[in-house]
Every structure is written in structure tokens, then in C-alpha cells.
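Asker: next one to model:
(chains A and B)
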There are 2 protein chains.
Amino acid sequence: MIPDILSPGQYDTVYNSLSLVIAAQLFTAVFLLIALPRILPRYRQAITVAIIVCGIAAYHYFRIFDSFREAFVTEAAGGQGDYAQAAGAGFNEGYRYVDWLLTVPLLLVELIAVLALARSVQRGLLVRLVPAAALMILLGYPGEISGDNGIRGLFGLLSTIPFAYILYVLFVQLTKSLNKQPVGVRRILSQLRWLLLLSWGVYPIAYLLPMLNLEGADAWVFKQVGYSIADILAKAVYALIIFRVARIKSFDDDPEFAEVERSLDEEPARV
Amino acid sequence: MIPDILSPGQYDTVYNSLSLVIAAQLFTAVFLLIALPRILPRYRQAITVAIIVCGIAAYHYFRIFDSFREAFVTEAAGGQGDYAQAAGAGFNEGYRYVDWLLTVPLLLVELIAVLALARSVQRGLLVRLVPAAALMILLGYPGEISGDNGIRGLFGLLSTIPFAYILYVLFVQLTKSLNKQPVGVRRILSQLRWLLLLSWGVYPIAYLLPMLNLEGADAWVFKQVGYSIADILAKAVYALIIFRVARIKSFDDDPEFAEVERSLDEEPARV
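Answerer: Residues are numbered from 1 along each chain as shown, chains lettered A, B, ... in the order given. Reported below is the predicted structural model:
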């Protein structure tokens, strides 16, 4: 439940977290757009998807931020008093689901695209992962908007089924393909899967908070900060690691490209 | 008719649907802009039109979204109460028609352009399809803004005439040209025509809702969600399928381009 009152400190914490996410997503997208030529064309599809994901997330955080600013107001001068829920505007949490419905399947596309697997293998993984991801988000939504803990628990449980399936595909089926990746890449990709698991793990915890009777303003602020950090890890940091994978693979695939790129990075020896 | 009262759930559903359309159109346009070099120049005109269509749709949805937010207000704190029509601002449905007047003819241009037919054949199809599409939208408008079911029915009927003509051109006249397309493309294009028929079919259904006495807030919310999904299918999903067609045709036209692109997509076999 959205709290009736936020202290100035609680208000500022949420405000700053939401703003941090906008900056992180937007400028990760800008960075990747500029850096696109520094990987082989083969990996640019994955980074393009990463740019789209960070862009979509930035868009939704602009909305969430605006919604938050309208939802809480203070009468006190200088914002030194408590913030109360404003008349006429509610904080819209549904945005997060709209965002995830678009971005979560794309995050999996990003991961599969950077592997540059044989077309048939790639297709086989995507037809499993993308619908499962969409289903996971869709099943979570009715529980999130419900005030009833029974309904929340039921849909939370249902949405865990596609989540478990995604983990099965990533940690069991994908492992076979990973063995064909260069050694350095294999380690990073393995870390990437763990980052995905850890950052995605924040969402069900936040989802379950209301069921643990962790109500009140602090729990709610904690949830907003948690979602914000998870979104930065799962999208922006994840995108930068994908970029790193793409760069290592580019160097590994094409020694000539590697040499040119290395010569761009280091200044020539001065005599 | 626009309902006088929306429950918080109804309000949020419309709000999130409209926002989802903005994100879908905007980032489909961004994706296509980045992906443009990955098809032969001959098909870039079609994708350019697709980018314009998604961009125009995103712009109008920004307007529709803002109009919706201004049109409904709640007095209750935290947006937990019902939303009533605001004094001084109405929800402007006319925007949809302005959008369609620009985008619907362009959607047909997109379809014809990606076929890359002989210039005379292409011109022959466009001089039929574009005016028919504009006429279809223009004839629908007086019915949409009328509160009278007789006028609504009359203009609905009139606007069905150019719609039927468009279907005739697409399913009868165009079929002759399709036979000259590569086999893989023929199947996709056939699916594309069905997507067009199905997604465009949502609009007359929504248009007729008031005549079926399906009044009330639920029917209206259903109509907004329906229009939103139809706009995503008819523009963003449609554009991605057109891109797929352009890519297959690029490969088919130019084996050298195909080889370069395939080598770009898949990593070389590691020894």
C-alpha cells in the first residue's frame, strides 16, 4: 500500500532514487549508441536491443518520477514538513509492469543475441525465453494491483512457474552453448546469468513485502529504492557487461580489428 | 460516449495502455532507425515510412495521454477514489482520427514500397490505395463525433465502402504481384495482410460499440485498450514484420550482401 505520509527524508530518498535511474538508463543508452562502432557488426544487434531497453526504462522512469511528484505534496515552506498524498493524483505503480512487459523479454533477447549462436539454436532459445518472460510479467500484474493477500500470493506463485522455466533454460540448456564460447567470455557470461538472477530476485522480494506485513512508509520507501537499484543492475549495468562481452568477442573473432582497436586505445610510444 | 466516472482501476488501465503505446511506437522507430543499414538501399524507403508512421503515432499518443490526464480528476487523496470528468478539459478522441489520417495511408505505402514492384505497378496500386485510405478515415469522423446512432451508422457504412475497396485491391489485385515474390516472402506478406485486416478490424468494432448499447465506463475502457492494442499491432508489430520482409528480400536479391550479413550475424566456427 502507498503510505499516507512520507517524512522529508523518505520523500527525498524516493525522489533521488527515481532520478538516479533516469540518469543511469538514459546515459547508458547514449554511451552505447556512441560506442556501437567499437564492436564488430555481428554484435551490434545485441547492443541495439540494449539501447532500446535502457531507452524504454528511462521513458518509464520519467513517468514514474512525474507520478511520484504529483502524488505527494507538502504544505510546509521549503519542503521541510511531511509529505501527504495529494488530492487528485495517485502514484501509479502499474508503469513498472508496462515497462517490464517490454523490457524483460528484450533483456533475454540481448543475452542470446550477444552469443551469436547458430541461427537455429538462437531461435530455439528465443521461442522458449521470450513468451515465458512475457507470461511471467502478465501473471504478476493482477497480484500487484490486488489488495488481497490471497490473490497476490496466487498470482505470485503462478508467475514463478515461467520464472523457474527461464532459469532452467538459462542454467541448463544454455550451458551447452556456452562451452563453445571463448574462455574469457564464458566466465563473464556465467557472471551475467548470476547478475540476472540476483537483480531479478529483488522483484519477487518487493512483490512479497505486503504479504510479510512489512507495511508502513519505511517498507514502501525500501521497496521503491529496491526496485530502482534492481532496474539499474538488470538493465544499465547488465547492458554494459553485454557490451564488454561483445568487445571481447569482437577482438577474439577478428585479430585485425583487435589490433586497430588496441592502437586506438593506447597512445603511441613517445621517443 | 465518454463516461462521467472512472474507478481507479479503470483509470489506471487506460493510463497504462496509452503509455504502453507511446513506448512501443517510439522505441520501434528508434530500433528501425539503427537497423536501417542492415537492408539493401532499395527497401530503406519502406522502413523510412515505417519509422515516420511509428513516430507520428508516438506523437499523437503523447497528446492523447495528456488529454486523458487532464480530462479526469479525482478529489480523493492518493488517487484511491473515483475519477470524474474535469471541469474545463474534455478527452479529445479526435486526435486518433488526425493520427489515422496521416498514418493509415502511409501504412499502405509501407506495404507497397517493401514489395519493390515495377514503378508503373507500384504507382497503379498507390493511386488506388492512398486516396481510399484517406477517404475511409474522413468518412468515419463525422460518425465518431456524432451522438446520434443514425448518423454514426450512416457514416460507418459510407466509410466501409473505401475499406472494402482497399481489401479488394490488397487481396485480389495485389495477389498477382505477390506470385512474383520469393516463396518465403510470399508467406510473410500473406500473413501481413491478415495482420492488417485483423488489427484494422478492431477499429470498426470499437466504432460500433456505442450502437450496440455497450455504453458505460467498462465498454469505454475496453474501447481505449482495444484501440491501443490495435495501434501497436497495426503500426509497431506491422513495421517489424515489414523489416523482416525487407531483410529476407535483401538476402534474396543479393547473395553477396546475404553472405556478408550472415557472417555478421553468426560468429565464425572456432577450431
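
Asker: for A:Ile64, which non-adjacent residue is closest in space?
Answerer: Nearest residue to A:Ile64 in three dimensions, chain neighbours excluded: A:Tyr95, at 5.2 Å (C-beta to C-beta, 6 or more residues apart in numbering or on different chains). Bear in mind the C-beta positions are built from the backbone N, C-alpha and C, glycine included.

Asker: which helix or which strand is home to that neighbour?
Answerer: For A:Tyr95, the element it lies in under DSSP states H and E is helix A:94-115.

Asker: Provide a list of residues in contact with the residue nearest to A:Glu110 when sequence neighbours are not counted.
Answerer: Closest residue to A:Glu110 apart from its sequence neighbours, by C-beta to C-beta, 6+ apart: A:Val49 at 4.5 Å. Listed by C-beta atoms under 8 Å, 6 or more residues apart in numbering or on different chains, the contact partners of A:Val49 are A:Leu106, A:Val109, A:Glu110, A:Ala113, B:Phe31.

Asker: next, give phi and psi for the residue of chain A found nearest chain B.
Answerer: Nearest residue of chain A to chain B: A:Gly90, at 1.9 Å (C-beta to the nearest C-beta). The phi/psi pair for A:Gly90 (degrees, to the nearest 10) reads phi -110, psi 160.

Asker: correct me, but it touches A:Ala71?
Answerer: Yes: between A:Gly90 and A:Ala71 there is a contact under C-beta atoms under 8 Å: 5.8 Å.

Asker: residue numbers of the stretch 1-150 of chain A in contact with chain B?
Answerer: Within the stretch 1-150 of chain A, the positions near chain B by C-beta under 8 Å from any C-beta of the partner chain are A:2, A:4, A:33, A:36, A:40-42, A:45, A:48-49, A:51-52, A:55-56, A:59-60, A:63, A:71, A:84-92, A:94-95, A:97-99, A:101-102, A:116-119, A:145.

Asker: and the buried ones among the residues you listed, selectable in ChimeraX?
Answerer: Burial among these is assessed by 16 or more other C-beta atoms under 10 Å in any protein chain shown; the matching ChimeraX selection reads:
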select /A:2,33,36,40,41,42,45,48,49,51,52,55,56,59,60,63,71,84,85,86,88,89,90,91,92,94,95,97,98,99,101,102,116,117,145
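
Asker: from the residues of the stretch 1-150 of chain A next to chain B, which ones fall inside helices?
Answerer: Applying DSSP state H to the residues of the stretch 1-150 of chain A next to chain B, the entries found in helices are A:33, A:45, A:48-49, A:51-52, A:55-56, A:59-60, A:63, A:71, A:94-95, A:97-99, A:101-102, A:119, A:145.

Asker: least confident secondary structure element in chain A?
Answerer: Every helix and strand of chain A was ranked by mean pLDDT, DSSP states H and E. The lowest is helix A:174-178, at a mean of 80.

Asker: any residue of that one touching chain B?
Answerer: No: figure legend: helix A:174-178 not in contact with chain B (C-beta under 8 Å from any C-beta); closest approach 11.3 Å.

Asker: which other helices and strands does that helix contact?
Answerer: Packing contacts for helix A:174-178, counted by 3 or more C-beta pairs under 8 Å, 6 or more residues apart in numbering or on different chains; DSSP states H and E, involve helix A:119-145, helix A:183-208.

Asker: buried residues in the shortest one, which are they?
Answerer: The neighbour-count check on helix A:183-208 (16+ other C-beta under 10 Å) flags A:Val185, A:Ile188, A:Leu189, A:Leu192, A:Arg193, A:Leu196, A:Ser199, A:Trp200, A:Val202, A:Tyr203, A:Ala206, A:Tyr207 as buried.

Asker: as a whole number, average confidence for that helix?
Answerer: Helix A:183-208 comes out with an average pLDDT of 82.
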